[in-house]
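K.L.:
3D, please:
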Amino acid sequence: MPDTVKRVNVRIAGVAYQLAATDDEAHIRKMAAQADEMIRQVLLASPHLSQSMATILALVNAMDEVSKFRRHNETLQKEKDSLSQQAQQHKTELDRVREQNWDMRRDQLHMQRLIAEYEKRFEQILATADAQERTEAEPEPEPEPIPEPEPIPESEPISERHLGNSDAFPLTLAGYQQSRLEDFI
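P.N.:
As a prediction, the model looks like this:
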């Protein structure tokens, strides 16, 4: 649907005009008021100028302002483009640093696992060494001393009670103990 053309009656520099535009009526009135103010400012600054000369000078001033705004807009656009390019470079650098950080984090986790594994192995080695030290440090048990036989009183005859196990000390017919070579070795 095409925009409808609106006709708006305005006064600029004391002259009535009927303007036609597709913009909002309030916007058209605002632009006309600004044009009227510009002409009035020119006439206040230079009262010797005619109405048409003041209007032309106000138009030139308006075009100068438009030109300044355009240059300023171009400068801002260049700054925006430069900042966008810098932002893209920073984003690329950030992505690179994030990737590097991820690699370092992965390496750190790998190193932590290795450290834990080596600490476990170290503990095992220490435990083994401690066990070996204890084994080497323990003295060999001394053989139990062979108790001295109780002396048999001369008045008492020798009996099995005195000899203990009769198989260990066989008796001869004469009643003497016969020793075996194994008992002394």
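K.L.:
What ranges does the protein have for its helices?
P.N.:
For the chain, the helices defined by DSSP state H cover 25-45, 51-137, 160-163.
K.L.:
Dump these into JSON lines; add distance to residue 17, mean neighbour count and mean pLDDT as well.
P.N.:
To be clear about C-beta, it is placed using only N, CA and C from the backbone, and glycine gets the same treatment. Below are those laid out as JSON lines (distance: least, Cβ to Cβ, whole Å; neighbours: other Cβ atoms under 10 Å; pLDDT from 0 to 100):
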{"stretch": "helix 25-45", "distance to residue 17": "7", "mean neighbour count": "15", "mean pLDDT": "93"}
{"stretch": "helix 51-137", "distance to residue 17": "12", "mean neighbour count": "11", "mean pLDDT": "93"}
{"stretch": "helix 160-163", "distance to residue 17": "155", "mean neighbour count": "12", "mean pLDDT": "52"}
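K.L.:
Any idea which of these gets closest to residue 147?
P.N.:
Smallest distance to residue 147 across the helices of the chain (Cβ to Cβ): 13.4 Å, for helix 160-163.
K.L.:
got CSV for the helices of the chain, with distance to residue 16 too?
P.N.:
Shown next, in CSV, are the helices of the chain (distance: least, Cβ to Cβ, whole Å):
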stretch, distance to residue 16
helix 25-45, 11
helix 51-137, 14
helix 160-163, 158
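K.L.:
So for residue 146, which of those sits nearest?
P.N.:
Taking Cβ to Cβ, helix 160-163 is the member of the helices of the chain nearest to residue 146, at 15.3 Å.
K.L.:
hang on, the earlier thing: identify whichever of the helices of the chain lies nearest to residue 144.
P.N.:
Residue 144 lies closest to helix 160-163 among the helices of the chain, at 20.5 Å (Cβ to Cβ).
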